[in-house]
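Participant: Build me a model:
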Amino acid sequence: MVLPVAFFAVFFAYPVTAIVARGLKVEGAWQFGRIGEVLAQPDIRHVLWFTTWQALASTALTLLIALPGAYVFARFDFPGKQVLRAVVTVPFVLPTVVVGTAFLALVGRGGLLDELWDVRLDTTVWAILLAHIFFNYAVVVRTVGGLWSQLDPRQEEAARVLGASRFAAWRKVTLPALGPAVAAAALMVFLFTFSSFGVVQILGGPTFSTLEVEIYRQTSEIFDLSTAAVLTMIQFVAVGAVLAVHAWTVRRRETTLRLVAASVTARRPRGAGQWALLAAVLGTVAVLLVLPLAVLVQRSLDTPGFGYYKALTDDDSGVFLVAPIEAVGNSLEYALAATALALLIGGLAAAALARRPQAPGSDRAGRTPVAGRLLRGFDALLMLPLGVSAVTVGFGFLIALDEPPLDLRSSWILVPLAQALVGVPFVVRTMLPVLRAVDARLREAAAVLGASPWRVWREVDLPMVRRALLIAAGFAFAVSLGEFGATVFIARPDNPTLPVAVARLLGRAGELNYGQAMALSTILMVVCAVALLLLERVRTDRTGEF
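Facilitator: I've put the predicted structure just below:
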């Protein structure tokens, strides 16, 4: 646990604390009265209200639309299921700025709806809600569907034999078992939408602002660090509460159910109703997930001879110090470095969480009460970067990491460090179930036969977790490639990343800039899609969240 704790202390807790202190400390004294002053402002209360209710609305709509998809992926076996699973997951690993760009091409000025029916939804809350459903659909499908596929269907069938209707059997048998997974998915969707940044910034316009957008505005436009610090603290408390409840639901899901292999529960649809449900889910995926991406590709090609793509090679665009196409190479290099860091930190963290030392007074998992609380706190720490303001982390990097021995402001490693913070939770969540499944007696037998700890890891653990390691690397690479909130502060003008390049192009007027943003977004989407398709070919265990 030492290296992961040190990494998060230096590159997460220290920058966040530094920016909060910069905003709330005056002449060495903390000014906590500023919290009441900020909360008394009507515009800030409006931001808090909008942040909360749009997150609740996005969560409810996502569950309503995605739960049928979770059932289809869990219980049905049909041609192309593996490819469709990857397609469904692509939106989740896309940068939020690309999600906003895709919906801008669909519902914005000159978009598909505007051309066909003269309908515009940009700068409305509906565009934000639709984009959030698009982004979080995979969270529900993977989290709920992963558990649903392992529930023994014979329990529901037994209720039907005893006279229960199909709905009553589902309500009284399956739904209570799915409750922890549904709660976990809802909490994660709420977490992601509560801290939404790129989607709201692009689609909401000046009318709508979440906490994350307001923190960015107060930090980079108004330079009011005290207000930004107060908003950061509010978001930190809210995210901490959500993660605490999420950890409880995950523990409940892990310990109260007897599961079966997912391979024995899926079958081909039977009857008109099941085929109709499959068709409805496929239609939803096509309209809600595939159509925005298809429109994005179409807009990038909306000029003869791949004109927008060719313009990416022009280093006289006036937007960057280099040609926009160089953002592709920069992003790949940064993402590879961030993936290596995330695998190192996340792998060690997962190994620490998976260990179950036996001790007097330990629980059934082999942990003492104190050790159990310590590990739960450590697990929650690893998840915090997913919900705490990435804008605060990025700006905190500039403030905190500018003096020896941590003077990194001019170093290229600053961007991979910020990206790795987001990648570590995915590495942990992917590797932890597999590491926990390794029989400790195998390690003990190897040690008794004289193997060193390193050889035990190399010859016992590694062959069993190799696939999980590859999947973790793929997810870490994809989310690192798309990190935007922190990178927008620390990426240098001569080394822009893809998400930063897209945002800057969208922020400038002109059809050429808009087309280049669409072209770069398409490139990023294709890279993420290829990575996920490769992961689905490697993946054998279909359970778990990701």
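Participant: Check the offset of the lengthiest helix in the chain from the chain's centre.
Facilitator: What stands out as the longest helix in the chain, according to DSSP state H, is helix 42-75. A distance of 15 Å separates the centroid of the chain from that of helix 42-75, by Cα atoms, centre = their mean, to the nearest Å.
Participant: Mind giving me the packing neighbours of that helix?
Facilitator: helix 33-39, helix 81-93, helix 125-148, helix 175-194, helix 211-220, helix 225-255, helix 271-284 (3 or more Cβ pairs under 8 Å, 6 or more residues apart in numbering; DSSP states H and E). Just so you know, the C-beta spots here come from the backbone N, C-alpha and C atoms, and that holds for glycine as well.
Participant: closest to R492 out of these?
Facilitator: helix 211-220 (15.9 Å; Cβ to Cβ).
Participant: quick one on the thing from earlier: could the helices and strands packed on helix 42-75 be laid out in CSV, adding mean pLDDT and mean neighbour count?
Facilitator: Shown next, in CSV, are the helices and strands packed on helix 42-75 (pLDDT from 0 to 100; neighbours: other Cβ atoms under 10 Å):
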stretch, mean pLDDT, mean neighbour count
helix 33-39, 85, 14
helix 81-93, 82, 20
helix 125-148, 88, 24
helix 175-194, 85, 21
helix 211-220, 86, 23
helix 225-255, 76, 19
helix 271-284, 91, 14
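Participant: would you list those helices in CSV and tack on distance to A164?
Facilitator: Formatted as CSV, these follow (distance: least, Cβ to Cβ, whole Å):
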stretch, distance to A164
helix 33-39, 51
helix 81-93, 29
helix 125-148, 19
helix 175-194, 13
helix 211-220, 45
helix 225-255, 24
helix 271-284, 18
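Participant: wait, which of these is closest to A335?
Facilitator: Nearest to A335 among the helices and strands packed on helix 42-75 is helix 81-93; the distance by Cβ to Cβ comes to 11.3 Å.
Participant: Check what contacts stretch 284-302 and list those residues.
Facilitator: Stretch 284-302 is contacted from outside by 65, 68-69, 84, 87-88, 90-91, 98-99, 101-103, 105-106, 111-112, 130, 133-134, 137, 308-309, 514-515, 518-519, 521-522, 525, using Cβ atoms under 8 Å, 6 or more residues apart in numbering.
Participant: any idea of the mean pLDDT for stretch 108-120?
Facilitator: Across stretch 108-120, the average pLDDT comes to 80.
Participant: residues of it that come out buried?
Facilitator: Across stretch 108-120, burial judged by 16 or more other Cβ atoms under 10 Å covers 108, 111-112, 114.
Participant: separation between S165 and D494?
Facilitator: In this structure, S165 and D494 are 66 Å apart, going by Cβ to Cβ, to the nearest Å.
Participant: What of N513?
Facilitator: Counting by Cβ to Cβ, the gap from N513 to D494 is 19 Å.
Participant: for V428, same thing?
Facilitator: 34 Å.
Participant: higher neighbour count, those two?
Facilitator: Neighbours per residue (other Cβ atoms under 10 Å) separate V428 from D494, with V428 holding more: 27 against 10.
Participant: Can you name every helix or strand that the strand or helix carrying that one contacts?
Facilitator: Per DSSP states H and E, V428 falls inside helix 414-437. The elements that helix 414-437 packs onto, with contact taken as 3+ Cβ pairs under 8 Å, 6+ apart, are helix 326-354, helix 369-383, helix 390-400, helix 462-482, helix 487-490.
Participant: and with 6 Å instead?
Facilitator: Here helix 414-437 touches helix 326-354, helix 369-383, helix 462-482, helix 487-490, going by 3 or more Cβ pairs under 6 Å, 6 or more residues apart in numbering; DSSP states H and E.
Participant: now these as TSV including mean pLDDT and distance to L211?
Facilitator: Output for those, formatted as TSV (pLDDT from 0 to 100; distance: least, Cβ to Cβ, whole Å):
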stretch	mean pLDDT	distance to L211
helix 326-354	91	25
helix 369-383	73	18
helix 462-482	83	21
helix 487-490	84	17
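Participant: so can I have CSV of the buried residues of stretch 108-120 showing distance to L341?
Facilitator: CSV is the format used below for these (distance: Cβ to Cβ, whole Å):
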residue, distance to L341
G108, 36
G111, 38
L112, 40
D114, 43
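Participant: Just give me the closest of those residues to A158.
Facilitator: Comparing those against A158 with Cβ to Cβ picks out L112 as the nearest, at 48.9 Å.
Participant: how close does that closest one sit to V119?
Facilitator: Here the criterion is Cβ to Cβ. By it, L112 lies 10 Å from V119.
Participant: Brilliant, that's me finished.
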